[in-house]
Every structure is written in C-alpha cells, then in structure tokens.
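**Student:** Here is a sequence together with a model predicted from it:
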Amino acid sequence: MTTAPTPSAPQVIAELRGRVGCITLNRPQALNALSLAMIRELTTTLIAWRDDPMVLAVVVRGMGKEGPFGAFCAGGDIRFFHRAALAGDHDLEAFFTEEYALNHLIHTYAKPYIAFMDGIVMGGGMGISQGASLRVVTERSKLAMPETGIGLFPDVGGGYFLSRLPGRLGEYLALTGRVLSGAEAVAVGLADAHMDSGRLAGLWQSLGQTPYESGEAVQRWCENHTQKTPPRADALAAGPRAQIDAVFGLDSVAAIVAALEAAPDDWSRETAATLRQRSPLMLHVVLEQIRRARTLGLADNLRLERGLVHHCFHLRPGAASETVEGIRALAIDKDHAPRWHPASIDQVNPTQVAAFFDSPWAGADHPLSALN
C-alpha cells in the first residue's frame, strides 16, 4: 500500500512511464490545492513533455490521504490568498497570472492530456482538467465552481467552459456553486467518461506497460477502460433543467432570486436560500462574467478573468476585499458568517459591478497579452 507523503515530499510528481508522461498532484493533506510552486512545476513539466518527441501523451491524477486517487484538486490555496492579500505579497499576482497561463497551456496542448478526476475537483482543479482531451470521472467525483461562496468568481477559465454548457446551466452552476456528481458532470458536458474508481490503479499501472504507436492510442486505451453506459443523472439532467433555463435566463440577479422565492417547489426555495448566502456583489459580477464569456475565445476570456481577479483584491484592498472576507469566514476564523458589503442583493449598484470589468492594463501591458 502506498503511504501518504511526508511534508518534504515533492508537491508534484512527474515521471515518464514508457512513453506516457504521468503527473501526480502530491499535496493530499490540502486536497492537492494548488500552490504557486505546483503551478510552476506543472507548467515546466508540460512544456518539456510537449516538446519531447518521446512523450506521446500526458495523464494527471491526485494523491489521496491514503494513497493515489481519492482526491484530485480542491482548487487554489485560499489560505495563501488570504495571507498574501493582507501582506501585500506580490506572489499573489504571480499566482493568478501563471495559473491562467497554465490553464491556457492545457486547453491548447498539442498532445492528448488525460485527467483522472477522482474525488474533489473544484476551482483550480477544474482549471487543470476542463481543458483535457479526455476527462474521466468516477462515482467519488465531486465537481464544482464554488467561488461565490468566498466572494470570488469562477475563474481559471470558468467563464469559458461554464458559458458553453447547454441552456443556462452556466449561470446556475456559477452563481450557486452547486456540486455535481461524476454522472451529472458527464450528463451536462463537464466530463467525457465515467469509470469505477476501483479500476483506476490498474489503468494507471498499465500505462507504462502497454506499447503505443501514438498519443491517440494512449487516449483510446484509457477510453476503453471507461463505462460504455455511464450511470444516470436524473436529478440534474431531467426535472430542474426547464426551471434552470427559465429562471437563470432572467435579466438580473434580483429577478432570478425573486422568481425562485415566488415559486412553490423545494428546489426553487433551496436555490434561493443558497444565493442569499453568497456575496451579493459577486453574484452580480458573475452573472455579467458568464454572459460576456459566451462571446469570448479562451485567451480573451482568461484576460478578462485576470482583470477581474486583480480587482477582487485591489478595488477594496486588504481586509476590505470581499474575497478576503469570504476566505476569513470559511477557512481562517471558520465562523461561516461572512460580512458581505453590500449586505444584500438589492443594495448592489451598477457602478460597483462595472468597476470589475474595467481592465487594469492596456494592450501589451496585460500580463496575459501573449496568449493567443
């Protein structure tokens, strides 16, 4: 049995098995939350393997607390965000610039990139998996973009991949942060294939023992191990879909919440209650983000998000930041009682929202200007 790594163990394990580049996110005690060092190691490794003709394809997994798999990546290191924002640490800016560049690299990777999304896959974990050429989930998978709960927005390309879901699922998932099962993720288009988690270790082991003639052959090998008929996901794929499209297609956050609170069913009431717990300001920003993203390509979307995240920490710096307050309530003090400002949805004015979409940089000065 594989034991959990020691604190001195590398946070990213990159090894070549046969002609397949195998990456293990190796920070299990933090559910493999991404650090700046991990982002840099992933970027360096992927560029080296992209340019190495001996490497046919790349696969990525997470280390669980009791061994490989069981957790993929819970997102970015929000405790670092909180600490860095209060200290004025320039590494916070570097984190997002380099993370979004990594997301772009994965989406545009020239070789098959296969993500085994077992366990928690949230935030930054979605960022390093949604661009994969094959996204594999299991019965243990829990996928979400829950950022509005910490006064943030679905970044790491979230605007791009959520806005392209059917109907108004993008608005729904972005605003509520709803957690999807693996089967639901396949049903809505956030995963490609489902397999039993018990088969992951054997598939991983076989990658280095099987001769492949191409990267596409590696991907087909992995696909052949998945279930031909994934489990049903009726809870999301059926009933609420018509309501989601009708309600989350409304013009404003206030209209969405009013419609939910006026409806007689449990789903509407529960969804309204969830939205009432989120940052009112960021709900408005996120609705605008998703709708703008529908008309943007990947690079332009990431540039938009880079400006948004800069404003999350700098429009109101330090402890006044909505994001810093959200992280405090969830992960620092853990009182789960964020003091949002403004405190209610109807107190948010259009000027406050518009400020987030005013880019801090012009043209070539943008830190992600080189993305194409």
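**Tutor:** Great, that's in hand.

**Student:** Going by neighbour count, which residues in stretch 262-282 are buried?
**Tutor:** Within stretch 262-282, the residues that count as buried by 16 or more other C-beta atoms under 10 Å are 263, 268, 271-272, 274-275, 278-282. C-betas here are computed from N, CA, C, even on glycine.

**Student:** Redo the residues you listed as TSV? Include distance to residue 48, pLDDT and secondary structure.
**Tutor:** Converted to TSV, those look like this (distance: C-beta to C-beta, whole Å; pLDDT from 0 to 100; DSSP: H, G, I helix; E, B strand; the rest coil):
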residue	distance to residue 48	pLDDT	secondary structure
263	53	95	coil
268	50	95	helix
271	45	96	helix
272	49	97	helix
274	43	97	helix
275	44	98	helix
278	40	97	coil
279	40	96	coil
280	45	97	helix
281	41	98	helix
282	37	98	helix
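
**Student:** biggest separation within these, which pair?
**Tutor:** Spatial extent of these (C-beta to C-beta) is set by the pair 263 and 281 at 24.8 Å.

**Student:** Before we move on, what's the pLDDT of the nearest residue to residue 225 once chain neighbours are set aside?
**Tutor:** Distances taken as C-beta to C-beta, 6 or more residues apart in numbering place residue 203 nearest to residue 225, at 4.8 Å, with adjacent residues excluded. The confidence metric pLDDT takes the value 97 at residue 203.

**Student:** now for the strand or helix carrying residue 203, which elements pack on it?
**Tutor:** Residue 203 belongs to helix 200-207 when assigned by DSSP states H and E. For helix 200-207, the elements it packs on are strand 20-25, strand 57-64, strand 67-68, helix 215-224, judged by 3 or more C-beta pairs under 8 Å, 6 or more residues apart in numbering; DSSP states H and E.

**Student:** tilt between that helix and strand 57-64?
**Tutor:** 150 degrees (axes from the mean of the first three to the mean of the last three C-alpha atoms, to 10 degrees).

**Student:** Below-threshold pLDDT in the chain: ranges please.
**Tutor:** 1-7, 233-239 (pLDDT under 70).

**Student:** Excluding chain neighbours, what is closest to the residue sitting furthest away from the middle of the chain?
**Tutor:** Largest separation from the mean C-alpha position in the chain: residue 211, at 33.0 Å (C-alpha atoms, centre = their mean). Residue nearest to residue 211 in three dimensions, not counting chain neighbours: residue 18, with 7.5 Å by C-beta to C-beta, 6+ apart.

**Student:** Please apply the same query to residue 274.
**Tutor:** Leaving aside its chain neighbours, residue 274 sits nearest to residue 176 (5.2 Å; criterion: C-beta to C-beta, 6+ apart).

**Student:** so where do the helices sit in the stretch 1-150 of the chain?
**Tutor:** Using DSSP state H, counting those that start in this stretch, the helices of the stretch 1-150 of the chain run over residues 36-50, 78-87, 91-107, 124-127.

**Student:** could the ones you listed go into TSV alongside distance to residue 149 and mean neighbour count?
**Tutor:** As requested, these are exported to TSV (distance: least, C-beta to C-beta, whole Å; neighbours: other C-beta atoms under 10 Å):
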stretch	distance to residue 149	mean neighbour count
helix 36-50	23	18
helix 78-87	11	18
helix 91-107	19	21
helix 124-127	15	28
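
**Student:** Between those, which one is closest to residue 340.
**Tutor:** That would be helix 78-87 among the helices of the stretch 1-150 of the chain, by C-beta to C-beta, at 16.1 Å.

**Student:** CA atoms only: put the closest one into CSV for me.
**Tutor:** Taking C-alpha atoms only, helix 78-87 is exported to CSV below (Å, rounded to 0.1, in the frame of the first residue of the first chain):
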residue,chain,number,x,y,z
ILE,A,78,-7.1,30.1,-0.4
ARG,A,79,-5.2,30.4,2.9
PHE,A,80,-2.2,31.7,0.8
PHE,A,81,-4.6,34.1,-0.9
HIS,A,82,-5.7,35.5,2.4
ARG,A,83,-2.2,35.8,3.9
ALA,A,84,-0.8,37.3,0.7
ALA,A,85,-3.6,39.8,0.3
LEU,A,86,-3.2,41.1,3.8
ALA,A,87,0.6,41.3,3.5
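
**Student:** Quick one: residues in contact with it.
**Tutor:** Contact with helix 78-87 is made by 33, 35-36, 89, 91-92, 95, 150, 313, 317-319, 321, 323-324, 327-328, 330-332, as judged by C-beta atoms under 8 Å, 6 or more residues apart in numbering.

**Student:** wait, doesn't residue 276 sit right on residue 257?
**Tutor:** Yes. At 7.2 Å, residue 276 counts as touching residue 257 under the criterion of C-beta atoms under 8 Å.

**Student:** Give the residues shared as contacts by these two.
**Tutor:** residue 345.

**Student:** on that earlier part again, got the helices of the stretch 1-150 of the chain as a markdown table, with distance to residue 225 columns?
**Tutor:** Output for the helices of the stretch 1-150 of the chain, formatted as a markdown table (distance: least, C-beta to C-beta, whole Å):
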| stretch | distance to residue 225 |
| --- | --- |
| helix 36-50 | 22 |
| helix 78-87 | 34 |
| helix 91-107 | 22 |
| helix 124-127 | 22 |
